[in-house]
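**Student:** sequence plus the predicted model coming up.
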Amino acid sequence: MFFHCGKFKLDLSQPKVMGIVNVTPDSFSDGGRHLAFEAAVEHARRLIEEGADILDIGGESTRPGADPVSEQQELDRVLPVIEELAGISIPISIDTYKPEVMRAALAAGADMVNDVNALQSEGALDVVAKTTAGICLMHKQGAPQNMQQQPHYQQVSVEVNTFLRERLAAATAAGIALERLIIDPGFGFGKSLEHNLALLKNLHAFTLLGVPVLAGLSRKSMLGTITGREVGDRMAASIAAALISVQRGASVVRVHDVRATVDVLKVWRAIKE
Ligand code: 7PM
């Protein structure tokens with residue numbers, strides 16, 4: 001299966017590693033933007049060296065519990081980084097749910113949109129339909145500010161599956177080819193530990209929708225709950241989760257620890273029938 005993603009066609013017969021690049025100013029607000037730019041570009045280049053297949057660049061608007069960032073702030077953060085990296089050997093994904101940020105990022109050289117809102121924002125479908133960008137459609141329940149307060153499902157896998165099927169239909173109806181689409185159950189986005197584990201156990205069911213599956217479990221709080229480890233100490237748990245995801249059919253894993261994940265997938269590949 002090939003994933004059409006802007007200038008690229010990714011061969012997903014081997015699972016791919018998407019490395020996370022956050023463009024977030026630190027507390028030294030004076031010159032913070034420049035420091036954030038330098039740090040993000042340096043981090044991106046390191047992830048490429050470590051073997052990342054895709055870079056996911058985000059201005060931190062979609063984190064659970066996070067305050068929304070304005071469109072202008074998000075543009076100011078991510079555009080210089082995309083412009084600086086444009087022309088690298090792997091696809092650049094823009095992590096945003098804002099249509100104007102999608103449009104500007106794709107114009108600046110991004111090849112893919114990673115949208116935790118699954119193109120439900122007003123105008124988002126139209127913006128990406130006019131391009132050749134790849135798109136990740138993710139499920140969440142509720143808004144990032146409150147979604148972890150009281151997640152509720154009758155049957156989480158069925159409901160997430162139905163939602164993603166509907167968003168795939170909306171995207172293809174807007175003229176986006178199936179080859180450009182990838183789906184993601186959205187671990188941690190309005191899900192309890194029990195919900196997350198049910199989704200991981202049943203991850204294979206999502207591959208039946210006919211498009212590749214992306215899984216993002218890296219450093220997430222469910223891994224903290226299971227292991228009792230703080231966020232900076234969850235690499236082993238994250239790698240286990242990435243390997244399980246791939247064994248259950250994921251074609252792309254979204255991770256912080258690219259080097260270690262690439263090694264683990266090499267071992268998996270060596271014994272894969
Ligand atoms: C705090 C909690 C900070 C969670 C950051 C996060 C996903 C994503 C994120 C995912 C896709 C993180 C998350 N998670 N996009 N964006 N899938 N497609 O770990 O699972 O970066 S934000």
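**Tutor:** Perfect, I can see it now. Residues are numbered from 1 along each chain as shown.

**Student:** point me to the residue of the stretch 101-250 of the chain nearest the ligand.
**Tutor:** The minimum distance from the stretch 101-250 of the chain to the ligand, using C-beta to the nearest ligand atom, falls at residue 216 (2.4 Å). Backbone N, C-alpha and C define where each C-beta goes, glycine included.

**Student:** correction: the previous question concerned the stretch 51-200 of the chain.
**Tutor:** residue 63 (3.8 Å).

**Student:** what distance do you get for that residue to residue 217?
**Tutor:** 15 Å (C-beta to C-beta, to the nearest Å).

**Student:** the residue of the stretch 101-250 of the chain closest to the ligand reaches residue 253, doesn't it?
**Tutor:** Yes: judged on C-beta atoms under 8 Å, residue 216 makes contact with residue 253 at a distance of 7.5 Å.

**Student:** picking that back up, find the nearest non-adjacent residue to the residue of the stretch 101-250 of the chain closest to the ligand, please.
**Tutor:** residue 254 (3.8 Å; C-beta to C-beta, 6 or more residues apart in numbering).

**Student:** what's across from the one you found in the sheet?
**Tutor:** residue 18 (DSSP bridges).

**Student:** which residues are in contact with residue 230?
**Tutor:** Going by C-beta atoms under 8 Å, 6 or more residues apart in numbering, residue 230 touches residue 224.

**Student:** could you do the one 4 residues further on as well?
**Tutor:** Applying C-beta under 8 Å, 6+ apart, we find residue 234 in contact with 218-220, 223-224, 227.

**Student:** now the buried members of the residues you listed.
**Tutor:** 218-220, 223-224 (16 or more other C-beta atoms under 10 Å).

**Student:** what about the residue of the stretch 101-250 of the chain closest to the ligand, how many residues close to it?
**Tutor:** Residues lying near residue 216 (other C-beta atoms under 10 Å) number 27.

**Student:** cool, residue 10 as well?
**Tutor:** Residues near residue 10, counting by other C-beta under 10 Å: 23.

**Student:** show the pLDDT at it.
**Tutor:** On pLDDT, residue 10 comes in at 98.

**Student:** where does the nearest residue to it once chain neighbours are set aside land in three-state SS?
**Tutor:** Computed as C-beta to C-beta, 6+ apart, the closest residue to residue 10 that is not its neighbour in sequence is residue 3, at 4.4 Å. Look at residue 3: counting by DSSP: H, G, I helix; E, B strand; the rest coil, its state is strand.

**Student:** enumerate the residues of the stretch 1-150 of the chain near the ligand.
**Tutor:** 20, 62-64, 95, 114, 116, 136, 138 (C-beta under 6 Å from any ligand atom).

**Student:** put the buried members of those residues into a ChimeraX selection.
**Tutor:** The ChimeraX selection below is limited to those of these classed as buried (16+ other C-beta under 10 Å):
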select :20,62,63,64,95,114,116,136,138
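
**Student:** low-confidence stretches in the stretch 51-200 of the chain?
**Tutor:** Scanning the stretch 51-200 of the chain for pLDDT under 70 picks out 64.

**Student:** show me where it has helices.
**Tutor:** 71-85, 99-107, 124-129, 156-173, 193-201 (DSSP state H, counting those that start in this stretch).

**Student:** in JSON lines: these, plus mean neighbour count and distance to residue 268.
**Tutor:** Listed next are the helices of the stretch 51-200 of the chain as JSON lines, based on neighbours: other C-beta atoms under 10 Å; distance: least, C-beta to C-beta, whole Å:
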{"stretch": "helix 71-85", "mean neighbour count": "20", "distance to residue 268": "29"}
{"stretch": "helix 99-107", "mean neighbour count": "21", "distance to residue 268": "32"}
{"stretch": "helix 124-129", "mean neighbour count": "20", "distance to residue 268": "32"}
{"stretch": "helix 156-173", "mean neighbour count": "17", "distance to residue 268": "24"}
{"stretch": "helix 193-201", "mean neighbour count": "18", "distance to residue 268": "16"}
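
**Student:** so which of those comes closest to residue 7?
**Tutor:** helix 99-107 (11.1 Å; C-beta to C-beta).

**Student:** what lies in contact with that closest one?
**Tutor:** Residues contacting helix 99-107 (C-beta under 8 Å, 6+ apart): 6, 57, 59, 71, 74-75, 78-79, 82, 94, 96, 113, 115, 121-124, 126-128, 131, 133.

**Student:** likewise for stretch 40-57?
**Tutor:** 5, 10, 16-23, 78, 81-82, 84-85, 88-95, 105, 110, 112, 114, 252, 254, 258-259, 262.
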